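Asker: The following comprises the amino acid sequence and a computationally predicted model.
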Amino acid sequence: MKKINRREFFKAAGGTIVTGLSLPTIITSPVFGKSSPSNQITLGFIGTGMQGRMLLSQFLTMPNCRVVALCDVDKQKLNAAMSIVHENTFSKCDSYKDFRELLSRADIDGVVIAVPEHWHSIIAIEACRAGKDVYCEKPLALTIVESRRMVTEARRAGRVFQTGSMQRSDYKFRQACEIVRNGLIGDVKTVRVAIIGGGFPMYPIPCNLPAQRTPDYLDWNMWLGPNQWRPYNSRLAPPIDEWGWPHWRDYQGFAGGLMSDWGAHHFDIAQWALGTDDSGPVEINPSDKSRSGNLTYRYANGVMVVKDDTIKYKSITFFGTKGHVEVSREFIETKPNSLLLHRFGPNDIKLYQSDNHYANWLDCVRTRQKPICDVEIGCRSATVCHLGIIAHQLNRMLKWDPAKEQFVGDEQANRLINRTFRSPWRL
């Protein structure tokens, strides 16, 4: 079996460097002598950009699955991903430009979707209808209505659907949420969600980029897909040798800025700890200007979740009547400190435990159980982000009904929970 190290991986991936993510030291192909191909889950990847190749590197380390197909409208990125597969597995792998051709294959069990957000809903729904289980990157969809439709279609088709909110598979976040859920900090009063900008837009900005010549390796019309037509600009679909933050995330119509990118991670943890995975806030207030970028959500039980841009690092802090707990990808701290040493008993609340987000999905594909970040959870977490974006856009306090998933008495706001698709695309 051939193995590649980190340097070789980056070379095969076209020079992409992913910061803040953990890559395996070596990538090995499935060992068919220990697990025959007939017992393995066959996967197709739709989207082979920076995140898609990162996910590909993770799944190629797992002996219980095979990657048999890749799809992208960018030939550069598709070829780079094909090179990674060919160097690390004996499996035959085919490539496609149109995701519908990949989904038509009866031999594919599940798909990994890592395309820009404006494509998530259509591809995921078509995958469910084609009988494929789904791993879809977060945030779940570009709008609230699309997120709900993804839940409906996944349930109707009986699919195992994992949202890529991988912080749920980090023990630090689970420990923090169990501390909160078991009342160790008393009654929760406030949750502070810190999302730093780093020079990138917190909320999506209008896309007024100038026209550039479309490169011959890219099907620009297919890249736009359901979005309204606009000319190509490399800031939206950069060549493979430009690594870093994907700037399509900055623009209206393509994503939700940092608010939905990092927000989908941190508001997800806030909802997990508050036990609101099937609900959400009832009021969103962007009018508090005491601190830059402040945005406050009120939940039905009175808990206030505040997006606070003044913190210099990304974290979530839960403040209760008896103490607090702060957690990030780098640390977990409590006051009093002894809370970290607390041993939970058999009658305490124990949250879903996963130590590997990708393996958890594959395990659930086999058992047909719900994964740790099921599509309903992904829908509710993305909705919190979109509510904040809409409140910021309208610049007024909004009331939200989390059961009906509608704004209360505000038709202007309700028009913003969905979007118009370009023909022939539709849900």
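Answerer: Received, thanks. Numbers count the residues shown, from 1 in each chain.
Asker: alpha carbons only for contacts and neighbour counts from here, please
Answerer: OK.
Asker: tell me the average confidence for stretch 114-124?
Answerer: In this model, stretch 114-124 carries a mean pLDDT of 98.
Asker: what ranges do the strands span in the stretch 201-350 of the chain?
Answerer: 283-285, 295-298, 304-308, 315-320, 324-327, 332-335 (DSSP state E, counting those that start in this stretch).
Asker: what does the first one rub up against?
Answerer: Applying C-alpha atoms under 8 Å, 6 or more residues apart in numbering, the contact partners of strand 283-285 are 295-299, 387-388, 391, 396-400.
Asker: mind redoing it with 7 Å?
Answerer: 295, 296, 297, 298, 299, 388, 391, 396, 397, 398, 399, 400 (C-alpha atoms under 7 Å, 6 or more residues apart in numbering).
Asker: Same question for the fourth one.
Answerer: For strand 315-320, contacts defined as C-alpha under 7 Å, 6+ apart pick out 185-194, 266, 324-328.
Asker: can you rerun that using 8 Å?
Answerer: Here strand 315-320 makes contact (C-alpha under 8 Å, 6+ apart) with 180, 185-195, 266, 269-270, 324-329.
Asker: roughly how far is that strand from the heart of the chain?
Answerer: In terms of C-alpha atoms, centre = their mean, to the nearest Å, the centre of strand 315-320 is found 22 Å from the chain centre.
Asker: how many neighbours does residue 330 have?
Answerer: Around residue 330 there are 9 other residues, counting by other C-alpha atoms under 10 Å.
Asker: Helices of the stretch 101-250 of the chain, start to end?
Answerer: With DSSP state H, counting those that start in this stretch as the criterion, the stretch 101-250 of the chain has helices at 117-129, 144-157, 171-181, 220-224.
Asker: So what touches the third one?
Answerer: Contact with helix 171-181 is made by 167-168, 185-186, 188, 269, 272-275, 318, 325-329, 331-332, 339, 349-351, 353, 355, as judged by C-alpha under 8 Å, 6+ apart.
Asker: can you do 7 Å?
Answerer: 167, 168, 272, 273, 274, 325, 327, 332, 349, 350, 351.
Asker: what residues are up against residue 43?
Answerer: With contact set as C-alpha under 7 Å, 6+ apart, residue 43 has these partners: 66, 67, 68, 69, 108, 109, 110, 111.
Asker: Output these in CSV, with neighbour count and pLDDT appended to each entry.
Answerer: Formatted as CSV, the contacts of residue 43 follow (neighbours: other C-alpha atoms under 10 Å; pLDDT from 0 to 100):
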residue, neighbour count, pLDDT
66, 26, 95
67, 24, 97
68, 20, 97
69, 23, 98
108, 21, 98
109, 20, 98
110, 28, 98
111, 26, 98
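Asker: now stretch 46-61: how far from the chain's centre is it?
Answerer: Counting by C-alpha atoms, centre = their mean, stretch 46-61 is centred 14 Å from the centre of its parent chain.
Asker: so residue 306 touches residue 193, yeah?
Answerer: Yes: counting by C-alpha atoms under 7 Å, residue 306 sits close enough to residue 193 to count as a contact (6.0 Å).
Asker: So for the two, which sits in the more crowded spot?
Answerer: Neighbour totals were compared for residue 306 and residue 193, and residue 193 leads with 25 against 22 (other C-alpha under 10 Å).
Asker: beta partners for that one?
Answerer: residue 307, residue 316 (DSSP bridges).
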